[in-house]
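Peer 1: Need a 3D model of the sequence below.
(one chain, ligands or ions: 1)
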Amino acid sequence: MNTIPYKTYLEENEVPECWYNMRADMKKKPAPLLIPATGKPCTAEDLAPVFCEELIRQELDETTPLIKIPKPIRDFYRMFRPSPLIRAYFLEEALGTPAKIYYKFEGNNTSGSHKLNSAVAQAYYAKAQGLKGVTTETGAGQWGTALSMACAFFKLDCHVYMVKCSYEQKPFRREVMRTYGADVTPSPSMTTDVGRLINAEHPGTTGSLGCAISEAVEAAVKTPGYRYVLGSVLNQVLLHQSIIGLEARAAFKKLGVKPDVIIGCAGGGSNLGGLIAPFMGEKLRGEADYRIIAVEPASCPSFTRGVYAYDYCDTGRICPLAKMYTIGADFIPSPSHAGGLRFHGMSSTLSELYDQKLMEAVSVKQTDVFAAAQQFARTEGILPAPESSHAIRATIDEALRCKAEGREETILFGLTGTGYFDMKAYEAFNDGTMSDYEPTEEDLARSFAKLPKI
Ligand SMILES: *Cc1c(COP(=O)(O)O)cnc(C)c1O
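Peer 2: Modelled structure (predicted):
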């Protein structure tokens, strides 16, 4: 019956050789990073003590559409890419929808998520610059794991500041990182000035992503031969993640199919920015149109309830200011189970596209997300990450809308990873003890009042 296969892989000669930089096709560009002290746009020299040279070039490049992927990175990609484009026939059947659902699965590597796509690029450029090592932060642990794998491959030291509550709650993630040779420090620690300060001000704190970022940046700047790397939010990360969308578009071309709706979960925006990149490019150039939907947790609603403003990226306020949809750097989201979606802000590029109404956003509640995760696991077989399950929720909702309206739309969503390290969350859902938390208007107003005045 099925004329279209369940899984579509690309042949060796169909694999993209360049990343695609969406900013090159944007008429109004994303706002630049600013230096907090002067309010002036960051230059390459300003960023040089913190980031690798080539990554700074990519960060600031708004004009080059295609950037060649160096051969050593392409060779590494061959260990786990191209990732399959999968038709969700069983989910479609369970929903009784006329919609055609496809997903691009990025969980088929040991780190379990799309983050390895950028980790390997960042580790490669650090090594090429002759550096000794890199520092970073990790919240839920996926980024730290991906970076540890990439650093082991390119023989770089890797120092990960892991948000303390995750360090304690996810010992297996920690051990995977150590197995790949990384040093893992619970944050806030007593090994940095900013860590000591935060510990003194908030005794017993279990940490936050913003705080771990401050520690990792300080450690990089103070250690000779080290730089800092980040797993989301930045333009360079969206660039590397464009491999997801480029492969998806090539696979669709092969099938003779065009998606109508493209859906992805959004934490800092890197997987979504990567998945939509070539499609958004067509949209920006007026060649095609797509509905694009970002899905975020109701507990951390940067797009749907945030403001578009310059904000701090980290708690210690040592990073540049970024203009983005934000709920405020001081906002501490409730301890939701989608750790990878808990950043207070959103990629500047996606923020600008959203502001120009080139994409939409929805927020979804945690228990509804896990109900979707469970349905997906039982029909399609893959145990999805809680983060990815936000996209599954929105996809199911869109497929049910298609059913109600009798429309045969084609939906593509990003299945960013697997959920094997998130069984505590599944346990809470299975036991019926999971809660839904949404910030009140007052919570958000308090946080907005602390935004920097630019
Ligand atoms: C980190 C992560 C995300 C969210 O990060 P983005 O930068 O918004 O893509 C989503 N899914 C998984 C599995 C992750 O690890």
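Peer 1: Where does the prediction get shaky in this protein?
Peer 2: Applying pLDDT under 70 to the chain picks out residues 1-2, 335.
Peer 1: Geometric centre of it: which residue is closest?
Peer 2: Ser270 (3.8 Å; C-alpha atoms, centre = their mean).
Peer 1: Quick check, that one in contact with Leu238.
Peer 2: Yes - in this structure, Ser270 is within contact of Leu238 by C-beta atoms under 8 Å, at 5.6 Å. Every C-beta, even on glycine, is put in place using the N, C-alpha and C of the backbone.
Peer 1: list the residues that contact both of the two?
Peer 2: With contacts taken as C-beta atoms under 8 Å, 6 or more residues apart in numbering, the residues that reach both Ser270 and Leu238 are Ser347.
Peer 1: Show me where the stretch 301-450 of the chain has its helices.
Peer 2: Using DSSP state H, counting those that start in this stretch, the helices of the stretch 301-450 of the chain run over 302-305, 348-355, 366-380, 386-405, 423-431, 441-448.
Peer 1: picking up where we left off before, now do the residue nearest to the centre of the chain against the ligand, distance only.
Peer 2: Ser270 sits 3 Å away from the ligand, going by C-beta to the nearest ligand atom, to the nearest Å.
Peer 1: Pretty sure Ala216 sits in a helix.
Peer 2: Yes - for Ala216, which was evaluated using DSSP: H, G, I helix; E, B strand; the rest coil, the result is membership in a helix.
Peer 1: In contact with it, which residues?
Peer 2: For Ala216, the contacting residues are 135-137, 159-161, 228, by C-beta under 8 Å, 6+ apart.
Peer 1: Could I get the buried residue list for the helix or strand Ile213 falls within?
Peer 2: Secondary structure assignment for Ile213, by DSSP states H and E: helix 209-222. For helix 209-222, burial by neighbour count (16 or more other C-beta atoms under 10 Å) applies to 209-220.
Peer 1: cool, stretch 155-167 as well?
Peer 2: Within stretch 155-167, the residues that qualify as buried are 156-167, counting by 16+ other C-beta under 10 Å.
Peer 1: quick revisit: of the contacts of Ala216, which is the nearest to Asp397?
Peer 2: Glu137 (32.6 Å; C-beta to C-beta).
Peer 1: Distance check, the residue nearest to the closest one when sequence neighbours are not counted against the ligand.
Peer 2: Using C-beta to C-beta, 6 or more residues apart in numbering and skipping residues adjacent in sequence, the residue nearest Glu137 is Ala212, 3.4 Å away. As for Ala212, its distance to the ligand is 14 Å (criterion: C-beta to the nearest ligand atom).
Peer 1: my read: Leu412 touches Val261, true?
Peer 2: Yes - shown here, Leu412 and Val261 form a contact pair, counting by C-beta under 8 Å, at 7.2 Å.
Peer 1: what's the burial count for Pro301?
Peer 2: The number of residues packed around Pro301, counting by other C-beta atoms under 10 Å, is 20.
Peer 1: So it sits against Gly328, correct?
Peer 2: No - counting by C-beta under 8 Å, Pro301 stays clear of Gly328, with 11.7 Å between them.
Peer 1: what does the stretch 101-250 of the chain have sitting close to the ligand?
Peer 2: Taking C-beta under 6 Å from any ligand atom as the contact definition, the stretch 101-250 of the chain meets the ligand at 113, 115, 142, 232.
Peer 1: if I pick the second one, what's in contact with it?
Peer 2: Just to be clear, that refers to Lys115. Contact criterion C-beta under 8 Å, 6+ apart gives 142-143, 145-147, 231-232, 270 as the residues in contact with Lys115.
Peer 1: In TSV, list the residues you listed along with secondary structure.
Peer 2: What follows is these, written out as TSV (three-state DSSP):
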residue	secondary structure
Gln142	helix
Trp143	helix
Thr145	helix
Ala146	helix
Leu147	helix
Gly231	coil
Ser232	coil
Ser270	helix
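Peer 1: List the buried residues for stretch 329-338?
Peer 2: Counting neighbours by 16+ other C-beta under 10 Å, the buried set in stretch 329-338 is 329-334, 336-338.
Peer 1: Could you save the residues you listed as TSV and add columns showing distance to Ala37?
Peer 2: What follows is these, written out as TSV (distance: C-beta to C-beta, whole Å):
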residue	distance to Ala37
Ala329	16
Asp330	19
Phe331	23
Ile332	26
Pro333	28
Ser334	33
Ser336	34
His337	38
Ala338	34
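Peer 1: At the contact with the ligand, which residues of the stretch 301-450 of the chain appear?
Peer 2: For the stretch 301-450 of the chain, the residues found near the ligand under the criterion C-beta under 6 Å from any ligand atom are 340-341, 385, 387-388, 416-417.
Peer 1: Serialize those to CSV and add fields for neighbour count.
Peer 2: Compiled in CSV, these are given as follows (neighbours: other C-beta atoms under 10 Å):
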residue, neighbour count
Gly340, 29
Leu341, 25
Ala385, 29
Glu387, 30
Ser388, 34
Thr416, 33
Gly417, 32
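Peer 1: what two of those have the greatest distance between them?
Peer 2: Farthest-apart pair in these is Leu341 and Gly417; separation 11.9 Å (C-beta to C-beta).
Peer 1: picking up where we left off before, contact partners for the residue nearest to Glu137?
Peer 2: Taking C-beta under 8 Å, 6+ apart as the criterion, Ala212 is in contact with 137-139, 161-163, 187-188.
Peer 1: now those in a markdown table, with secondary structure?
Peer 2: Shown next, in a markdown table, are the contacts of Ala212 (three-state DSSP):
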| residue | secondary structure |
| --- | --- |
| Glu137 | strand |
| Thr138 | strand |
| Gly139 | coil |
| Tyr161 | strand |
| Met162 | strand |
| Val163 | strand |
| Ser187 | strand |
| Pro188 | coil |
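Peer 1: Just name the closest of the residues you listed to the ligand, please.
Peer 2: Here the nearest of the contacts of Ala212 to the ligand, counting by C-beta to the nearest ligand atom, is Gly139; it sits at 8.0 Å.
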